[in-house]
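Trainee: task: produce atomic coordinates for the following.
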Amino acid sequence: RSDQYERIFEKEANLITVGSFWGDGSRPSKTEYDFSEMDRMVNFGLTRGMDVFAQTLVWYAPTDLPAWFQATPKEEIEGIMNDHIDKIVKRYAGKIKAWNVVNEAVNDSSSTLRKGHKWEEAMGDDYIYKAFVRAHAADPKAMLYYNDYQMESDEPKYEGVKKIMIDLKKRGAPAHALGWQMHVRPGSFNSVRWTQQLNEIADLGFDNYITELDVELPANATAADFETQKQLYKSVIQTFLASRRHKDIIIWGLRDKDPCWITDNHPLLYDENLQKKPAYFGVQEALK
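Mentor: Reported below is the predicted structural model:
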């Protein structure tokens, strides 16, 4: 990152999300770990007085699971998961405030859990509960959350996530919160419906976090689109702050054109030249 990038980040943010992914090279084999990049990011946040969140410990996505893992017999998967959680969470105990323990376990447009991935093949749906128990044992003081996307606009998916949270609570699992990714688009956000959902989760006994907020626009966005984006950012944050048990808000990046799956769709608060967009002022107005 440039010096300008880091200066803006230090000024505007008091929280950083760092990544520990199976497929990012940090676990090149069953027995090897490379913590160098993770250490760098954690230290960047801590030396600037930021809270540090981290993701993700267990994710179904094939792209996040390296070839050595995909080739592992299912009888060994639970042991590998336990070792992974133990080593990573214990290493950063007292440094990382919150962990995304299980990510995106529910199918789109359905209340059913994803099937056919390595975790489910080895442990059934019980992998979710087991991951939370293991993470809590590794760092009893860390906040642990389940994380998913489009729950605010996909009612069946939301119902599936709610089932997970209810099950975790019934079983006494150390799950503390729900992470709402909030990758939203103009026309997809209903403030009234989301308020009901947020309060429902709060009434179940869980905190609410916005973990990956961005607002996607057309690639050829106009001035009117950027004004719409501003108002949508503002509405999302105002809705969140008016709900029960709301906690932190994480925006999923600093500037447009940084690599991500919607990198050409102007999703963030700064443009590619690190100039504030209307969206920046929408967030500012909401926070005021």
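
Trainee: Arg245: what's its closest spatial neighbour, skipping adjacent residues?
Mentor: Ala202 (3.7 Å; C-beta to C-beta, 6 or more residues apart in numbering). C-beta here means a position set from N, CA and C on the backbone, and glycine is covered the same way.

Trainee: what residues sit buried inside the helix or strand hosting that neighbour?
Mentor: According to DSSP states H and E, Ala202 maps onto helix 191-203. Of all the residues in helix 191-203, those buried under the rule 16 or more other C-beta atoms under 10 Å are Trp194, Thr195, Gln197, Leu198, Asn199, Ile201, Ala202.

Trainee: which of those sit farthest apart?
Mentor: Of all pairs drawn from those, the one with the longest distance (C-beta to C-beta) is Trp194 and Ala202, at 12.3 Å.

Trainee: joint contacts of those two?
Mentor: Counting by C-beta atoms under 8 Å, 6 or more residues apart in numbering, the common neighbours of Trp194 and Ala202 are Ser243.

Trainee: circling back to that earlier point, I would like the residues contacting the helix holding Ala202, please.
Mentor: By C-beta under 8 Å, 6+ apart, the list of residues contacting helix 191-203 from outside reads 151-152, 155, 158, 162, 165, 178, 180, 208, 235, 238-240, 242-246.

Trainee: check these for burial and list the buried ones.
Mentor: Among these, the ones that count as buried (16+ other C-beta under 10 Å) are 151-152, 158, 162, 165, 178, 180, 208, 235, 239-240, 243, 245-246.

Trainee: could I get the residues you listed as JSON lines with secondary structure and pLDDT?
Mentor: What follows is those, written out as JSON lines (DSSP: H, G, I helix; E, B strand; the rest coil; pLDDT from 0 to 100):
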{"residue": "Met151", "secondary structure": "coil", "pLDDT": "98"}
{"residue": "Glu152", "secondary structure": "coil", "pLDDT": "98"}
{"residue": "Tyr158", "secondary structure": "helix", "pLDDT": "98"}
{"residue": "Lys162", "secondary structure": "helix", "pLDDT": "98"}
{"residue": "Met165", "secondary structure": "helix", "pLDDT": "98"}
{"residue": "Leu178", "secondary structure": "strand", "pLDDT": "99"}
{"residue": "Trp180", "secondary structure": "strand", "pLDDT": "99"}
{"residue": "Asn208", "secondary structure": "strand", "pLDDT": "99"}
{"residue": "Ser235", "secondary structure": "helix", "pLDDT": "98"}
{"residue": "Thr239", "secondary structure": "helix", "pLDDT": "98"}
{"residue": "Phe240", "secondary structure": "helix", "pLDDT": "98"}
{"residue": "Ser243", "secondary structure": "coil", "pLDDT": "98"}
{"residue": "Arg245", "secondary structure": "coil", "pLDDT": "98"}
{"residue": "His246", "secondary structure": "strand", "pLDDT": "98"}
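
Trainee: alright, calling it a day.
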